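# All I have is the shape, not the residue letters:
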C-alpha cells in the first residue's frame, strides 16, 4: 500500500469513528487530522496552525484546540508533552507503542524506538496486584541544539 493510500485509510478510519460517536467530519477537522498524519514528529498547536494556514488562511488556534480536544477524547490523538515554550504537543494515536525524549527549552520531541518501562511496569503490577491499562513515559532535558545555544529557546 502506498503512502497516499495509507493516509487515506487513516483518514477514513478517523471519519468512521467520528460518525459512530455522532461528530461531524468538518474540513477543519480533516485538516487537523491530515497535519498529524503528515507529521514526522509530534506537533504543537502553533506548528499545526502555521502548516494549516497555507490551505486554510482563517484557521485559528482555537479551532485547532477544539478539534484536538475532541480527537484526544476519542483516543484518536495523544497529548505527548506540555513542556517547552510552545506547550503541548500532539500526535496521531495508533502508531506502535512508544515514548519520547522532550526538550524543555524548544519542545522538540524524539520518539524512543522501544519501551523502557514495559517489563518494570508488568513486574510492579504483579507485585501490587494491579491491573495495568496503559502507561506513559517521557524523559525531559535539553536537545543537542539547545545545549549548544542553537535551539529556539
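Great, that's in hand. Just so you know, these numbers come straight off a predicted model, no measurement behind them. Residues are numbered from 1 along each chain as shown.

# which regions of the protein lie under the pLDDT threshold?
Applying pLDDT under 70 to the chain flags the ranges 1-6, 81-86, 94-96, 151-153.

# go again using 80 as the cut-off
Residues of the chain meeting the criterion pLDDT under 80: 1-11, 80-87, 93-100, 107, 109, 111, 113-114, 133-137, 150-153.

# element containing the residue of it positioned farthest from its centre?
Residue farthest from the centre of the chain, counting by Cα atoms, centre = their mean, is residue 127 at 31.9 Å. Element membership for residue 127 (DSSP states H and E) is helix 118-128.

# Which of the residues in that helix are classified as buried?
For helix 118-128, the neighbour count (16 or more other Cβ atoms under 10 Å) marks residue 121 as buried. (C-beta placed from N, C-alpha, C; glycine too.)

# so what does the helix or strand following it touch, helix or strand wise?
Sequence-wise, the next helix or strand downstream of helix 118-128 (DSSP H and E) is strand 138-141. Helices and strands touching strand 138-141, by 3 or more Cβ pairs under 8 Å, 6 or more residues apart in numbering; DSSP states H and E, are strand 77-81, strand 100-103.
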